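*Asks:* task: produce atomic coordinates for the following.
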Amino acid sequence: MLERTDYKVNIPKFDGLFQGFKTPLNEPTGNFFYDPWLIKDKYVGTVWEKLLASLPQPHGEARVIIMEPGSSYMAHSDIDNRWHLNIQGDYSYLIDLTTLQMYELKKDGYWYYMDAGKIHTASNYGSVPRVQLVVRELLTSTDSSELSQVTIKPAMPQYDYRYKFDNQISPWLNQVNKENKIKDFEYKDETVKFKIPVTELSGLKLSKDFRIEVASIP
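*Replies:* Below is the predicted model of the structure:
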């Protein structure tokens, strides 16, 4: 689920300057998931530009994610894989909840590539905030011309719909994206749309919590 890459950068001392990172360090140039993101003007010439430049281009949204001591995320998966650079933290882990394998997050200057299609969580068992620079990998677009338009939405009102979606559907979405079988993914409110060869839908197993609509594209 988590592999060290060959991309490495010297991490400077930050002296606790991690407040106020509620928005990304960069901004989209077009589609959120497919088009490259460029660093914001306010971060040009700063250490954040240097850190991002150590990754291969192009890439997507980059955020500084802070996890307080003693906290964890809910189980989930994501359609897009991620790069992680550990800036601060002790006894912090990413956990594959399928294999129950724990991956220690080390401050060693290496970028780590994460298969976010695995159902996972993150936990900070240390005494200081865990600080990571997390960058989204851009989605692929299939070259297939035999595509159908697919729409998935809740079958009924439900308080935990996003949790169910991230655990049941996102692993499949991540896989078909890696296999370059999908295009034009979009997410708005609780509705997801994308285009895919209809034969690929045989691998998608939906519970009664979801409603799916499939339409041929002329």
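*Asks:* now do the contacts for the closest residue to Asn180 other than its chain neighbours.
*Replies:* Sequence neighbours aside, Thr140 is the residue nearest to Asn180 in space, at 4.7 Å (criterion: CB to CB, 6 or more residues apart in numbering). Where C-beta positions appear, they are placed from N, C-alpha and C, glycine not excepted. Taking CB atoms under 8 Å, 6 or more residues apart in numbering, we find Thr140 in contact with Asn177, Lys178, Asn180, Ile182, Lys183.
*Asks:* cool, Lys188 as well?
*Replies:* Counting by CB under 8 Å, 6+ apart, Lys188 touches no other residue.
*Asks:* and the residue nearest to Asn180, what pLDDT?
*Replies:* Thr140 is assigned 96 on the pLDDT scale.
*Asks:* about what we covered before: going through the contacts of Thr140, which ones are buried?
*Replies:* Using 16 or more other CB atoms under 10 Å as the burial test, these include Asn177, Lys178, Ile182, Lys183 as buried.
*Asks:* returning to what we had before: can you give me the distance of the residue nearest to Asn180 to Asn174?
*Replies:* As judged by CB to CB, to the nearest Å, Thr140 and Asn174 stand 11 Å apart.
*Asks:* what of Thr199?
*Replies:* Thr199 is 19 Å from Asn174, by CB to CB.
*Asks:* got it, and Pro129?
*Replies:* Pro129 is 28 Å from Asn174, by CB to CB.
*Asks:* okay, now the domains of the protein?
*Replies:* Annotated domains of the chain cover 2-136, 148-216 [automatic domain parsing].
*Asks:* just the pLDDT for Lys50.
*Replies:* On the pLDDT scale, Lys50 is placed at 92.
*Asks:* swap in Val47?
*Replies:* On the pLDDT scale, Val47 gets 89.
*Asks:* Three-state assignment for Glu200, please.
*Replies:* Under the three-state scheme (DSSP: H, G, I helix; E, B strand; the rest coil), Glu200 adopts helix.
*Asks:* and it, what does it touch?
*Replies:* Val176, Lys181, Ile182.
*Asks:* ok, now how distant is the second one from Ser72?
*Replies:* Meaning Lys181. Using CB to CB, Lys181 is found at 33 Å from Ser72.
*Asks:* more neighbours: those two, which one.
*Replies:* Lys181 (18 against 13; other CB atoms under 10 Å).
*Asks:* the more surrounded of Thr199 and Asn174?
*Replies:* Between Thr199 and Asn174, counted using other CB under 10 Å, Asn174 has the larger neighbour count: 21 against 10.
*Asks:* got a pLDDT number for the more buried one?
*Replies:* 98.
*Asks:* same check on Phe21?
*Replies:* Value listed for Phe21 in the pLDDT field: 65.
*Asks:* now Tyr159
*Replies:* pLDDT, Tyr159: 94.
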